[in-house]
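Q: Quick one: sequence and predicted model below, then my questions.
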Amino acid sequence: MKMNPWFGLSFLVIALRAFSGFGAESTAAKPDDTVLQPQGTGWLPIFNGTNLDGWDAEAEYWKMDEGGVLHGRTPGTREHHYAYTKTNYADFELHADVKLIGNNSGICIRIAPKNFDNVPGYQVDMGDGYWGCLWEEHGRGKVVDFPRAEADKLVRKEDWNHYYIRAVGHHMEAWLNGVKTIDVVDDKGLLTGPIGFQLCHGQGKLTDASFKNVVYRPLAATAANH
């Protein structure tokens, strides 16, 4: 019996696809929709949406825009410029919509500010090569590294992105646009401190960062996480 040549070609294509993974379902992590917005009750705003009452911040670099958006901008200086709460927070979860244009920024948690330039502590990072990472300022640097190639699949560049953060005892977790990027028990980290935001240093490097819909909810610590 004479074989149809198309049968042989089709078999070859199927074999090649199976071997190479072509046409297979993507292995990229899928967002968890339940962490893209606050669930349940008890959420509180981190700022009043009108001014910076309750915050330490340099008016030259930070302001509250209409609509309750905290906006920070620096053309690039030798110093960092942080804005942070006058209140300390221990165990909590937090939602924030964030937008970055330029250099580097981040959500700072459990920090120990010395001045507006010197702010040791954790930072859930923002910026090329830093999205999804956990950084310890004036400490170990990257405590948790998230691959840039994976972050590039998640981040909407120069547009709004979402972070959900949980800090209970030494257990730190964060989700970027619904995908978990940080999950670590870090015994060396601070257990309490202000919440804040950063404008990174870098002479001549623009940093323009905005934060909105920032809400938090206190959490009870558990012995297993200390």
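A: Nice, thanks for sending it over.
Q: Tell me which other helices or strands the host helix or strand of residue 96 touches.
A: Residue 96 is part of strand 92-102 when elements are defined by DSSP states H and E. Counting by 3 or more Cβ pairs under 8 Å, 6 or more residues apart in numbering; DSSP states H and E, the packing neighbours recorded for strand 92-102 are strand 105-111, strand 160-168, strand 207-218. Backbone N, C-alpha and C define where each C-beta goes, glycine included.
Q: Buried deepest among these, which one?
A: When neighbours are counted by mean count of other Cβ atoms under 10 Å, the highest per-stretch mean among the helices and strands packed on strand 92-102 falls to strand 105-111, a mean of 25.
Q: If I take it and strand 160-168, what angle do their directions form?
A: For strand 105-111 and strand 160-168, the angle between their directions (axes from the mean of the first three to the mean of the last three Cα atoms, to 10 degrees) works out to 20 degrees.
Q: ok, the following helix or strand past strand 105-111: who's next to it in the sheet?
A: Tracing the chain past strand 105-111, the next element assigned as helix or strand by DSSP H and E is strand 121-126. Paired neighbours of strand 121-126 in the sheet (DSSP bridges): strand 105-111 (antiparallel), strand 134-137 (antiparallel).
Q: Where does the prediction get shaky in this structure?
A: Judged by pLDDT under 70, the chain has its weakly predicted residues at 1-28, 221-226.
Q: Please enumerate the helices of it.
A: Taking DSSP state H as the test, the helices found in the chain are 5-20, 148-154.
Q: export the shortest one as CSV, just CAs?
A: In other words, helix 148-154. The C-alpha atoms that make up helix 148-154 are tabulated as CSV, following Å, rounded to 0.1, in the frame of the first residue of the first chain:
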residue,chain,number,x,y,z
ARG,A,148,13.9,39.9,36.1
ALA,A,149,12.7,37.8,33.1
GLU,A,150,9.7,36.7,35.2
ALA,A,151,9.0,40.2,36.5
ASP,A,152,9.1,41.6,33.0
LYS,A,153,6.2,39.3,32.2
LEU,A,154,4.1,40.7,35.1
